[in-house]
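[1] Here is a sequence together with a model predicted from it:
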Amino acid sequence: MLLALICCMVSYAQEQSEATAWNHFVWGAEAGGAIDMTSNDMSTINLDAFFGYKNSWINALGIGASVNMMVSNSVRSFPVYAMFRTGFKKTPTLLFMDLRGGCVFNNINNNTQQTRLYLSPGVGINLARGRSFTSYITVSYVYNGLSSFAKDGERYDINGLSMACVRIGISF
């Protein structure tokens, strides 16, 4: 009887520790767009995904990747970044800070690629929150270190792209 009770307690403790470990896992997806503020006609449509760690103070600490498709030409950018998101409190907040930094792989055409710096500090507003999800909107500045290149006989004199970005997303 005592052995059965001990086995039940051990089994319950293992289930609780596994459930607790998964409670700290976060993943999410975002869609949005960015307006080129450097007058290079390189505004984008963006798709992002991320995963990482969360707790009561940290909304997300992890890694993410994005596909940024330039609207006016066929240039594609693929940022890979570390991200940190927090509302600075243990209780749920309306506003939060979103920081991203890493590298971006710029695919200019079939044989020209650049790897540059990627930064994106921003702020967000939580829209809806359930037991297992949070939806939000972020507004951020994006720096893509894209440098000058020639494409289809046209010369693009670029010294980095500065963009204003809006994303709508959901995290679980």
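    Structure's in. What do you need? Residues are numbered from 1 along each chain as shown.
[2] Tell me where the protein has strands.
    Secondary structure of the chain (DSSP state E): strands at 25-36, 44-53, 58-70, 76-86, 95-109, 112-129, 134-151, 154-171.
[3] And the residue nearest to Ala60 when sequence neighbours are not counted, how far from His24?
    Nearest non-adjacent residue to Ala60, counting by Cβ to Cβ, 6 or more residues apart in numbering: Arg85, 4.2 Å away. C-beta: built from backbone N, CA, C; applies to glycine. Applying Cβ to Cβ, to the nearest Å, the value for Arg85 to His24 is 14 Å.
[4] Just want to know which of those two has more residues nearby.
    Higher neighbour count among Arg85 and His24: Arg85, with 24 against 12, using other Cβ atoms under 10 Å.
[5] correct me, but the more buried one touches Leu95?
    No: Arg85 is beyond contact range of Leu95, at 11.3 Å (criterion: Cβ atoms under 8 Å).
[6] what residue ranges in this structure are flagged as low confidence?
    1-21, 110 (pLDDT under 70).
[7] if you set the cut-off to 50 instead, what comes out?
    By pLDDT under 50, the low-scoring segments of the chain are 1-17.
[8] What residues does the residue nearest to Thr93 when sequence neighbours are not counted make contact with?
    Counting by Cβ to Cβ, 6+ apart, Thr93 lies nearest to Gly87, which is 3.5 Å off, once chain neighbours are set aside. Shown in contact with Gly87 (Cβ atoms under 8 Å, 6 or more residues apart in numbering): Asn59, Thr93, Leu95, Phe96, Met97.
[9] Give me the buried subset of these.
    For the contacts of Gly87, a burial check counting by 16 or more other Cβ atoms under 10 Å picks out Asn59, Phe96, Met97.
[10] contacts for stretch 96-114?
    59, 64, 68, 74-88, 115-126, 136, 138, 140, 144-147, 149, 151.
[11] contacting residues for Ala82?
    So Ala82 contacts Gly62, Ile63, Arg100, Gly101, Gly102 (Cβ under 8 Å, 6+ apart).
[12] Tell me which two in those residues are the farthest apart.
    Gly62 and Gly101 (12.7 Å; Cβ to Cβ).
[13] Among those two, which residue is more densely surrounded?
    For Gly62 versus Gly101, neighbours defined as other Cβ under 10 Å are more numerous around Gly62 (19 against 15).
[14] so how many other residues sit close to the closest residue to the more buried one other than its chain neighbours?
    In space, and not counting its chain neighbours, Gly62 is closest to Gly52: 1.6 Å by Cβ to Cβ, 6+ apart. Per other Cβ under 10 Å, the neighbour tally for Gly52 reads 21.
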